[in-house]
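In: pasting the sequence and the predicted coordinates here, then a few questions.
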Amino acid sequence: MNIWKSQSTPLKMRILKSSIFPVATYGCETWTLTKKDVEKIDAFEMKCYRKILRIPWTARRPNQSILQELGMKESQLLKNTKQLKLKYFGHVVRHNNLEKLCLEGAVEARRGRGRPRRRWTQDISDWLGFSVREASILAQDRDGFRSAVWEATSYKDPP
């Protein structure tokens, strides 16, 4: 029996969340997310949901209606990626190891021409709403940092 051709949407969602999304986001803790990357992640997630519901790409349905049909308020893949990256940041700054040294280190050299590339730490400061140094201090308190991560990645109703 082909699972993807069956009518069982809950079973397909469980397989998607347990097998496909973890493979797609493997190593996401180390990604530097640009706008283009965020759009690709969202597009991939919606493509998977449309496949599960058997909605062709030519059908002009908004993403919000597909999420409602699945009983979801928001897309989960980007939220999960943010949570994993923020948790990894907290783990790194709490320990004295090579990763922390690389994260806090600075290279003495002239900056190259052109626009500076987006840095891994810019995602952290953008999502949490304060500087990386403040986030490092907050990460020393696990419970406080967990609540900050939850607040940064939780669903907020649009005004």
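Out: The structure has been received and is ready for your questions. Computed from a predicted model, the values in this text were never measured in an experiment.
In: so where's the protein uncertain?
Out: 1, 156-159 (pLDDT under 70).
In: got the residue ranges for the helices in it?
Out: Taking DSSP state H to define them, one finds helices in the chain at 9-15, 21-24, 35-53, 63-69, 77-94, 98-104, 120-128, 132-139, 142-153.
In: return the most buried member of those helices.
Out: Mean neighbour count (mean count of other C-beta atoms under 10 Å) peaks for helix 77-94 among these, with a mean of 19. (C-beta placed from N, C-alpha, C; glycine too.)
In: what's in contact with that helix?
Out: With contacts defined as C-beta atoms under 8 Å, 6 or more residues apart in numbering, helix 77-94 is touched by 21, 24-25, 28-31, 33, 38, 41-42, 44-45, 99-100, 103, 123-124, 127-128, 135-136, 139-140, 142, 145, 149, 152-153.
In: tell me what angle that helix forms with helix 142-153.
Out: 150 degrees (axes from the mean of the first three to the mean of the last three C-alpha atoms, to 10 degrees).
In: quick revisit: adding distance to R110, write the helices of the chain out as CSV.
Out: Formatted as CSV, the helices of the chain follow (distance: least, C-beta to C-beta, whole Å):
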stretch, distance to R110
helix 9-15, 51
helix 21-24, 38
helix 35-53, 28
helix 63-69, 44
helix 77-94, 28
helix 98-104, 20
helix 120-128, 21
helix 132-139, 23
helix 142-153, 35
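In: which one of those lies closest to I3?
Out: For the helices of the chain, the distance to I3 is smallest for helix 9-15, at 6.6 Å, taking C-beta to C-beta.
In: which helices and strands sit right next to the closest one?
Out: helix 35-53 (3 or more C-beta pairs under 8 Å, 6 or more residues apart in numbering; DSSP states H and E).
In: gap between the helix it packs on and the chain center?
Out: Taking C-alpha atoms, centre = their mean, to the nearest Å, one finds helix 35-53 lying 12 Å from the centre of the chain it belongs to.
In: what do you get for stretch 12-19?
Out: The answer for stretch 12-19 is 17 Å, by C-alpha atoms, centre = their mean.
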